[in-house]
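Asker: Okay, here's the prediction I keep looking at, along with the sequence it came from:
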Amino acid sequence: MAKAELPVTPEEPRPRIAIYPGSFDLLTNGHLDLINRCRRLFDRVIVAIGVNPMKQPFFTIEERIAILKDATADMPNVEVAQFDELTVHFAYRRGAMVIIRGLRAMSDFEFELQLALANLKLNRHIETLFMAADPKTIYLSSGLLRDIWRHGGDVAPFVPPPVVKALKKKKKPAPGTTYDEMRRPV
């Protein structure tokens, strides 16, 4: 049996790039914790804000980009980007090897597993990495925090300062106002 020859010049190692996709429509301390943990594992982390035409966001895409850039300003290997395509296609275009998905509860896992398997079928070279939420932030969700804010509660302990700053620019809803009514143009 002949021995396989090594290439004359070894390939340069590929940078380890991860995509962390989401709507981030209230960036939470849980999101920020996951970003921080990912940036220690990968050379570059691209926090990718997805555009979902089926959802009406609380913050505009421009506001979410600004909030994330502000919140990650001291993280040199973190990039914030917007995308409007399949996550696995975006990951491929950006040279990522991994898609990061955060898990807070077992109920998250079933949906996330479906996405991971579909992405694997679409591109076998991009893996999905599930990361458990930190126990200190496991209960946080953007929807919960929007409801707390809408009802006059203080969300500052649960979100990074750029979110608090952005919320101060939003008009507080009148008591009894629904979330959909808050987003209607005046």
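Answerer: Perfect, I can see it now.
Asker: in which helix or strand would I find the nearest residue to Ile100 once chain neighbours are set aside?
Answerer: What sits nearest to Ile100 in space, not counting adjacent residues and going by CB to CB, 6 or more residues apart in numbering, is Tyr20, at 4.3 Å. Every residue, glycine included, has its C-beta placed from N, CA and C. Using DSSP states H and E, Tyr20 sits within strand 17-22.
Asker: Check which element follows the longest helix along the chain along the chain.
Answerer: Longest helix in the chain, counting residues (DSSP state H): helix 106-122. Next helix or strand after helix 106-122 toward the C-terminus (DSSP H and E): strand 127-132.
Asker: returning to what we had before: any residues touching the longest helix of the chain, and which ones?
Answerer: For helix 106-122, contacts defined as CB atoms under 8 Å, 6 or more residues apart in numbering pick out 86-89, 99, 101-103, 126-128, 130.
Asker: make it 10 Å
Answerer: 21, 86-89, 91-92, 99, 101-103, 126-130, 132-133 (CB atoms under 10 Å, 6 or more residues apart in numbering).
Asker: Output the below-cut-off pLDDT ranges for the chain.
Answerer: Along the chain, segments meeting pLDDT under 70 span 1-12, 172-186.
Asker: What ranges does it have for its helices?
Answerer: Under the criterion DSSP H, helices of the chain are mapped to 29-41, 61-71, 87-93, 106-122, 142-150, 161-169, 179-183.
Asker: May I have the longest helix of the chain exported as CSV, CA atoms only?
Answerer: Extracted in CSV, the C-alpha atoms of helix 106-122 (Å, rounded to 0.1, in the frame of the first residue of the first chain):
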residue,chain,number,x,y,z
MET,A,106,-35.8,21.9,26.2
SER,A,107,-38.7,23.5,24.3
ASP,A,108,-36.1,25.5,22.3
PHE,A,109,-34.3,22.3,21.3
GLU,A,110,-37.0,20.7,19.1
PHE,A,111,-37.2,23.8,16.8
GLU,A,112,-33.5,24.4,16.8
LEU,A,113,-32.8,20.8,15.9
GLN,A,114,-35.2,21.0,12.9
LEU,A,115,-33.3,24.1,11.7
ALA,A,116,-29.9,22.5,12.3
LEU,A,117,-30.9,19.4,10.3
ALA,A,118,-32.3,21.4,7.4
ASN,A,119,-29.1,23.5,7.3
LEU,A,120,-26.9,20.4,7.4
LYS,A,121,-28.9,19.1,4.4
LEU,A,122,-28.4,22.4,2.6
